[in-house]
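# could you look at this predicted model? Sequence included:
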Amino acid sequence: MIDRVPDAVVIGAGHNGLVAANLLADAGWSVEVLEAQPTPGGAVRSDTEVADSFVHDTFSAFYPFAAASPIIRGLQLDRHGLTWVHAPAVLGNPLLSRDGATPSGWALQVRDRDQTAAWFDAAHRGDGAAWLHLTALWDRVGADLMGAMLSPFPPMRHGLRLLGRLVNRHGPDTARLLLSGVSQVDRHRFGGRGPGLLLAGNSQHGDLPPGLPGSGAFGWMMTMMGHQYGFPVPRGGSGQLAAALVRRLESTGSSVRCGVEVTGIDVRAGRAVGVRTKGGDQVPADRAVLADVSAPRLYGGLVSWEVLPARTRLLMRRFRWDPATVKVDWAVDGPVPWDPAPEVMPGCVHVAGSVAELASTDLELRRGLVPRHPFLLLGQMTTTDPSRSPAGTESMWAYSHVPQLLSGDAGPDGITDVAAGDGAERFADRMQARIERFAPGFGDRVRARRVLSPSELEQRNANLHGGAVNAGSAAQLAVLRPVPGLGRAETPVRRLFLSGASAHPGGGVHGAPGANAARAALAAHQRGQEH
């Protein structure tokens with residue numbers, strides 16, 4: 001505990017809040033982090049609820065962004081107990097025959113780009129060279145693209161360097177890639193099914209429809225990070241990443257208090273001066289308050305509309321949530337019986353029939369329909385990290401999206417509600433049936449199953465409104481995030497900063513919203529001292 005008034009109070013011990021707290025502590029500030037849940041981590045947590053000796057990641061699991069992020073790397077969390085581990089293959093998607101009737105092999109990605117390209121070329125001549133061309137483009141612009149994405153908006157240094165790199169003979173091709181939908185990238189660059197399907201599946205990590213301009217850039221970025229950094233996981237569970245952040249922070253003398261729900265932010269003379277808790281305590285902050293919460297929880301929630309400009313309320317009416325999520329965890333008595341089995345076993349698996357199917361599923365979601373053929377993002381965690389369950393078993397999960405506002409079911413089951421209870425279980429059955437199609441007998445190996453409905457996800461992390469895992473629609477990017485005019489960590493209240501994933505650049509465990517908020521708080525304090 002901090003005996004004196006802390007320089008900063010951070011609301012929420014999600015990874016962004018913990019990153020912000022660590023950076024402030026590194027600058028010499030005293031920090032107190034308040035977390036409503038009984039354990040820290042936000043959406044970076046793990047548990048053993050499903051079955052004894054099986055560790056499941058409650059929310060997020062694979063962390064290419066964390067491995068790539070200079071923010072996370074700069075914290076040197078290996079010194080505080082974090083160890084990254086990798087699956088034999090980065091990513092895989094089981095394929096169907098051309099007529100869609102039977103499983104027929106895999107699209108696979110390993111860290112070795114040449115091996116990945118060779119598989120694609122064996123399936124369709126020329127696709128290997130096209131794949132290596134994409135990796136070469138990444139070598140030229142990837143570092144600056146990542147730097148621009150993770151920097152506060154506008155990203156001057158990396159943005160200008162990126163623009164400079166586009167003014168060469170490869171510039172027009174790179175610009176087309178960055179501006180295209182992933183379905184266009186697939187159609188114009190590849191003849192086989194594998195490469196485009198991996199790119200399109202990766203664009204779904206950001207909830208970007210295949211036809212949306214920019215989805216090609218995100219899918220390409222995620223896929224190229226897979227080559228450069230892999231899709232690593234923390235040994236022992238995702239909660240080990242949060243634990244390392246907490247240990248690092250506490251080593252500076254700052255503290256994290258769990259089970260303390262903040263219900264309001266005290267504002268005086270237009271400045272944030274502290275917070276109020278559900279238990280009736282007032283916790284003052286000498287220099288800043290940082291809120292690792294969603295934008296709707298902050299504006300009009302923790303900070304009342306009465307102390308906010310009318311324009312903020314008007315802008316927040318435009319805020320859009322990303323789709324809801326149903327997540328299923330399985331404890332499996334044996335390996336997943338994929339048939340045919342992949343040549344190299346991936347940790348992260350996408351289950352999608354085709355890029356066209358992904359486009360159809362997106363259309364169903366936008367129409368408010370439960371998808372007939374839900375896209376699955378699936379994790380074989382014991383394959384990736386053998387410490388997650390007993391030898392010969394598999395700790396496994398999958399998630400899929402459903403509409404925030406449901407109007408019907410595109411499938412045959414007549415599901416009318418997925419928020420909780422029976423509807424979520426029935427949708428989980430549909431998800432499991434998709435796995436069974438490629439892994440016959442999978443259900444017979446399931447020892448235990450847990451279904452986390454949208455409402456259950458929100459109960460475990462209040463920032464996941466209706467199971468929205470990206471804290472706002474991916475259509476709200478950069479200066480548009482969380483809404484036009486509020487595209488930075490600064491808020492209309494002085495000394496109050498938004499450090500959650502609703503802020504630029506959004507979801508993903510890269511720490512950028514937290515880092516941007518910490519830097520903004522430090523800069524604002526410095527300006528105050530100067531004047």
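Sure thing, it's come through. Residues are numbered from 1 along each chain as shown.
# okay, CA-based contacts and neighbour counts for the rest of this
Fine.
# can you list the domains in this protein?
8-44+238-319+472-530, 62-67+230-237+324-469, 112-229 (automatic domain parsing).
# so which of those domains comes closest to Leu91?
domain 62-67+230-237+324-469 (4.9 Å; CA to CA).
# now do the closest one, average pLDDT.
What domain 62-67+230-237+324-469 shows for mean pLDDT is 96.
# cool, stretch 497-515 as well?
90.
# circling back to that earlier point, let's have the domains of the chain in JSON lines, adding distance to Pro94.
Conversion of these to JSON lines gives the following (distance: least, CA to CA, whole Å):
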{"stretch": "domain 8-44+238-319+472-530", "distance to Pro94": "25"}
{"stretch": "domain 62-67+230-237+324-469", "distance to Pro94": "7"}
{"stretch": "domain 112-229", "distance to Pro94": "9"}
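# of those, which is nearest Gly100?
domain 62-67+230-237+324-469 (7.7 Å).
# so what's the gap between the closest one and the chain middle?
Averaging C-alpha positions (CA atoms, centre = their mean, to the nearest Å) puts domain 62-67+230-237+324-469 15 Å from its chain's average.
# re earlier: quick one, which of the domains of the chain is nearest to Ala101?
The minimum distance between Ala101 and the domains of the chain falls on domain 62-67+230-237+324-469, with 10.1 Å, by CA to CA.
# which SSE is immediately downstream of the helix or strand hosting Val90?
For Val90, the host element (DSSP states H and E) is strand 89-96. Next along the chain after strand 89-96, taking DSSP H and E as the criterion, comes strand 103-109.
# what's that following strand in contact with?
89-97, 116, 119-120, 193-195, 197-198, 226-227, 339-342, 344, 346, 437-438 (CA atoms under 8 Å, 6 or more residues apart in numbering).
# the domains of the chain: which one's closest to Ser53?
Nearest to Ser53 among those is domain 62-67+230-237+324-469 (5.6 Å), distances taken as CA to CA.
# my read: Arg449 touches Ala331, true?
Yes. Taking CA atoms under 8 Å as the definition, Arg449 is a contact partner of Ala331 at 6.5 Å.
# need the residues touching each of the two.
Val50.
# list the contacts for the closest residue to Ala217 other than its chain neighbours?
Closest residue to Ala217 apart from its sequence neighbours, by CA to CA, 6 or more residues apart in numbering: Leu178 at 4.5 Å. Contacts for Leu178 (CA under 8 Å, 6+ apart) come out as 214, 216-217.
# following the chain onward from the helix or strand hosting Leu178, which element is next?
In the assignment (DSSP H and E), Leu178 maps to helix 171-179. Note on helix 171-179: by DSSP H and E, the next helix or strand toward the C-terminus is helix 182-189.
# now that next one: average pLDDT?
On average, helix 182-189 scores 94.
# and that helix, what does it pack onto?
Packing partners of helix 182-189 (3 or more CA pairs under 8 Å, 6 or more residues apart in numbering; DSSP states H and E): helix 194-203, helix 215-229.
# kindly recompute the last result at 10 Å.
helix 127-150, helix 171-179, helix 194-203, helix 215-229, helix 355-366 (3 or more CA pairs under 10 Å, 6 or more residues apart in numbering; DSSP states H and E).
# mean neighbour count, these: which tops it?
helix 194-203 (a mean of 28; mean count of other CA atoms under 10 Å).
# average pLDDT for it, rounded please.
Mean per-residue pLDDT for helix 194-203: 96.
# output the below-cut-off pLDDT ranges for the stretch 151-300 of the chain.
Along the stretch 151-300 of the chain, segments meeting pLDDT under 70 span 153-170.
# repeat that for 80
151-172 (pLDDT under 80).
# quick check: end-to-end length of stretch 253-270?
Terminal residues of stretch 253-270 are spaced 30 Å apart (CA to CA, to the nearest Å).
# residue ranges for the strands of the stretch 301-450 of the chain, please.
Assigned by DSSP state E, counting those that start in this stretch, the stretch 301-450 of the chain shows strands spanning 324-332, 346-351, 369-370, 376-380, 394-402, 408-409, 446-452.
# which one of these lies nearest to Ser387?
Of all the strands of the stretch 301-450 of the chain, strand 394-402 comes closest under CA to CA, at 9.8 Å.
# quick one, the closest one and strand 324-332 angle?
Put simply, strand 394-402 runs at 160 degrees to strand 324-332, going by axes from the mean of the first three to the mean of the last three CA atoms, to 10 degrees.
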